[in-house]
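*Asks:* predicted model follows, preceded by the sequence.
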Amino acid sequence: MSVKKGQQVELFISEMAFGGKGLARLNGYAVFVDQTVPADRIIARIVKKKKNFAEARVVDLLEPSPHRITPPCPYSGFCGGCKWQFVTYDKQLDYKRQHVADSLAHIGGIQGVTVHPTIPSHRQYGYRNKMEFTCSDRRWLLPDEMTAGEEIQAGFALGLHVPGTYYKVLDTKACLLQPEVGNQILDEIRDYIRASGLPVYGLRSHLGFWRFVMLRHSVSGDCWMVNIVTAVENERALRPLVDRLEKKFPQVVSIINNVTARKAGIALGEYEVCLSGSPVLSDQIGGYRFKISANSFFQTNTLGAEKLYGVVKEYAGLTGAEAVVDMYCGTGTIAICLSESAEQIVGLEIVESAVNDAETNCLLNRVTNCRFILGDIKDTFTRIGFRADVLIIDPPRAGINKHAIKQILDMKPARIVYVSCNPATMARDLSMIREGYRTLEIQPVDMFPHTFHIESVARLERI
């Protein structure tokens, strides 16, 4: 099918592609369209043309899909926080399961494995326990603002990014993914920053004081940490804000100032100062307590993590006598949640701060049968000291380090439990170890409603 960039075409969306875009075909030629759902009939404009596919944007919705709903958020379709609010939740779960099954078959070449229906999130909104908002000296205007015919003040933003950009920031008044108190705290901080007289950071000029606002919520304690990221340390400028937050929000038990002069657009300080309360927040997963600092990794959906780790525990099949290795163990949450069911657990992790947090969390929970080895995965296998009965693998999105594949096969654990945040790399990794291990079943778990992201747990046994 010959199409040109800028051309308008009528399309029927037949599939939901991995990555969250609708897929239509013109005589076999693939066209991907953002913000569409299967059974939509649309007029679309071609914005990118390649040999084997094109990308298009919706110009007119001729006939909406029965799976389409009106999103409750005014930023839906423009914000990168979540992109599927216009899709019914039941269909989101179906699409996520299908993405896992398709990846397994098409990327891994693995057939006949049961992929169970997706376990839903306990909450569809207000489920995130951590949100990062960016300060910018220029906000990105919504289309209706640009056509309103009135002068818009575009010199300030505190919010979330437009997808695929580092400099386009929405002035996000409220995000439905965090609990409502978080939006009230954010609004208070916004008012203070605007009245402070200090400049917000320019994402292109790299000049300014205010950089990021990070909010963390403890589900078990229903309390908050506020982390203000600035370009330089200036407690005098922050103290009135601290006083306002303490007075108005008794739920705020920790106020931190991370300071960084680095140009990188990440909300991570070179050092931090505790301005009020505790330097850490406490939360629970499966009855275990975890201390969370401003820059610690912690699963962003606390109640979803309980479901995820419950599947991991079920698939591990522990009786109390097993030796377990936890690859990519992070801050030790999986190891600690399995500790009462295993004889011993060794966690492998390359990030020193994560290992320190894991050891602290063991002391906090009086767990004595877990230890952690710091180092690159390819170098730490020789320091384990035993042959694992069960191997837990929870890699980053990039999947297993290729150097570790042979070491996994040489270790020969009876069972492997693979925890994935990326169906594509999971399928690739399971394919690479298929000579030694059979994939028995996979359970998707939805940790991120209204996004295309999906966590999955695979159960494998040695052939």
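*Replies:* Yes, it's here. Residues are numbered from 1 along each chain as shown.
*Asks:* which parts of the stretch 351-463 of the chain are helices?
*Replies:* 352-364, 377-380, 404-411, 423-432 (DSSP state H, counting those that start in this stretch).
*Asks:* which of those sits most buried?
*Replies:* Among these, helix 423-432 has the highest mean neighbour count (mean count of other CB atoms under 10 Å), at a mean of 22. C-beta coordinates here come from the backbone N, C-alpha and C atoms, glycine included.
*Asks:* which other helices and strands contact that one?
*Replies:* The helices and strands touching helix 423-432, judged by 3 or more CB pairs under 8 Å, 6 or more residues apart in numbering; DSSP states H and E, are helix 89-106, strand 415-420, strand 455-462.
*Asks:* nearest to N257, of these?
*Replies:* strand 455-462 (32.5 Å; CB to CB).
*Asks:* neighbouring strands - and their directions - for that closest one?
*Replies:* Strand 455-462 has the following strand partners under DSSP bridges: strand 415-420 (antiparallel), strand 437-445 (antiparallel).
*Asks:* tell me the most buried of those?
*Replies:* The stretch of those with the highest mean neighbour count (mean count of other CB under 10 Å) is strand 415-420, at a mean of 24.
*Asks:* what angle sits between it and helix 89-106?
*Replies:* 120 degrees (axes from the mean of the first three to the mean of the last three CA atoms, to 10 degrees).
*Asks:* in the protein, which spans are helices?
*Replies:* 89-106, 143-146, 180-195, 235-248, 302-316, 333-338, 352-364, 377-380, 404-411, 423-432 (DSSP state H).
*Asks:* packing partners for the third one?
*Replies:* With contacts defined as 3+ CB pairs under 8 Å, 6+ apart, helix 180-195 has these neighbours: strand 130-136, strand 157-159, strand 210-218, strand 223-230, helix 235-248.
*Asks:* how far does that helix sit from its chain's centre?
*Replies:* Put simply, helix 180-195 sits 23 Å off its chain's centre (CA atoms, centre = their mean, to the nearest Å).
*Asks:* what residue spans form the domains of this protein?
*Replies:* 1-68, 90-123+301-462, 130-293 (automatic domain parsing).
*Asks:* how far does the last one stretch from start to finish?
*Replies:* Between the opening and closing residues of domain 130-293 there is a gap of 12 Å (CA to CA, to the nearest Å).
*Asks:* state the mean pLDDT of that domain.
*Replies:* Averaged over domain 130-293, pLDDT sits at 92.
*Asks:* go on, the longest one?
*Replies:* When pLDDT is averaged over domain 90-123+301-462, the result is 96.
*Asks:* distance between the ends of it?
*Replies:* 35 Å.
*Asks:* shift numbering so it begins at 712
*Replies:* Fine by me, first position is 712 from now on; the one you just mentioned is domain 801-834+1012-1173.
*Asks:* who touches the single longest strand found in the chain?
*Replies:* Secondary structure of the chain per DSSP state E: the longest strand is strand 764-774. Identification of contacts with strand 764-774 by CB atoms under 8 Å, 6 or more residues apart in numbering yields 714, 719-722, 732, 740-747, 751-759.
*Asks:* before we move on, the earlier item: adding distance to S787, write the domains of the chain out as CSV.
*Replies:* Listed next are the domains of the chain as CSV, based on distance: least, CB to CB, whole Å:
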stretch, distance to S787
domain 712-779, 9
domain 801-834+1012-1173, 9
domain 841-1004, 9
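*Asks:* deepest of the ones you listed, which one?
*Replies:* Per stretch, and counting mean count of other CB under 10 Å, the top mean among the domains of the chain goes to domain 801-834+1012-1173, which has a mean of 19.
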